[in-house]
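S.K.: just coords:
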């Protein structure tokens, strides 16, 4: 079976397809094929990859992304990384739902009085996607449309990104990513961009047969080129004091998905 991953993929798709909601099928396939990132994309059918990269609430996601002028595939990649599309995801820092918003952030975006706001509303996928894309738009504008900076700010906080930008002049997105001193944030940015690449191919056109590896251009990778100016003083993963959340809803290694 190891030399025929597409056969395994089809069987998994048949089993996982019986599970609901989509995030449970995603988790099942990940647990059964932990090395799925090493499977050449052309060796498994699109149905297999759609289990690993689902897009429930697609119409709401795309509508809110469009309203905010955002790339819907990056939004989908972010949601997958944050919550795996589990609308009931709740982090240890009390970040809620698909886009992992803190109640304080949600309340501010809704402009709701403290006494009238109920955090449970963030478990509603439509509400969470609307507020999450609004928040992402704010970060995107603050970072002048640079996605690598926007995603770093979403994960580590805008003030940290402002600080990192003062370390040097970055000629390419990869140079900025390479300079990020927090391995969690660096891997997060790369993972969301990789996710977006998969979502773009899987959902920008209907695909039913095998996928070709050359249809998946690699996302921005860590550059070996030196970065002008001051170098990062360390390279480790501290607890991140984010604006809207600190840790994810489950313990896991900060590896790219």
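M.R.: It's in. It should be emphasised that the depicted structure is a prediction, and the values quoted were computed from it without experimental measurement.

S.K.: And the helices in the chain, which stretches?
M.R.: 5-16, 22-32, 46-52, 58-67, 72-83, 103-110, 125-142, 147-156, 158-165, 173-179, 183-204 (DSSP state H).

S.K.: Which one of these has the poorest average confidence?
M.R.: When those are ranked by mean pLDDT, helix 5-16 comes last with a mean of 73.

S.K.: Let me know the angle separating that helix from helix 22-32.
M.R.: Calculated by axes from the mean of the first three to the mean of the last three Cα atoms, to 10 degrees, helix 5-16 forms an angle of 140 degrees with helix 22-32.

S.K.: can you redo the helices of the chain as CSV with distance to residue 91?
M.R.: C-beta coordinates here come from the backbone N, C-alpha and C atoms, glycine included. Output for the helices of the chain, formatted as CSV (distance: least, Cβ to Cβ, whole Å):
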stretch, distance to residue 91
helix 5-16, 25
helix 22-32, 15
helix 46-52, 22
helix 58-67, 20
helix 72-83, 9
helix 103-110, 12
helix 125-142, 13
helix 147-156, 13
helix 158-165, 19
helix 173-179, 24
helix 183-204, 14
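
S.K.: Domain parsing of this structure, as residue ranges.
M.R.: 1-52, 56-257 (automatic domain parsing).

S.K.: mind listing what's buried in stretch 24-31?
M.R.: By neighbour count on 16 or more other Cβ atoms under 10 Å, the buried set for stretch 24-31 is 25-29.

S.K.: my bad, should have said stretch 41-60
M.R.: Of the residues in stretch 41-60, 41, 43-57, 60 count as buried by neighbour count, 16+ other Cβ under 10 Å.

S.K.: end-to-end on it?
M.R.: Start-to-end span of stretch 41-60 (Cα to Cα, to the nearest Å) is 28 Å.

S.K.: How about residue 53, nearest residue that isn't a chain neighbour?
M.R.: residue 198 (4.9 Å; Cβ to Cβ, 6 or more residues apart in numbering).

S.K.: Would you confirm that the one you found contacts residue 49?
M.R.: Yes - with contacts counted by Cβ atoms under 8 Å, residue 198 reaches residue 49, the gap being 6.6 Å.

S.K.: picking that back up, and among the domains of the chain, the most buried is which?
M.R.: Comparing those by mean neighbour count (mean count of other Cβ atoms under 10 Å), domain 56-257 ranks first with a mean of 18.

S.K.: Work out the gap between that one and the centre of the chain.
M.R.: Centroid displacement of domain 56-257 relative to its chain, using Cα atoms, centre = their mean, to the nearest Å, is 5 Å.

S.K.: Could you check how far residue 77 is from residue 11?
M.R.: For residue 77, the distance to residue 11 equals 27 Å [Cβ to Cβ, to the nearest Å].

S.K.: if you average pLDDT over stretch 84-100, what comes out?
M.R.: Stretch 84-100 shows a mean pLDDT of 96.

S.K.: before we move on, what about stretch 33-44?
M.R.: Averaging pLDDT along stretch 33-44 gives 89.

S.K.: end-to-end on it?
M.R.: Terminal-residue distance, stretch 33-44 (Cα to Cα): 12 Å.
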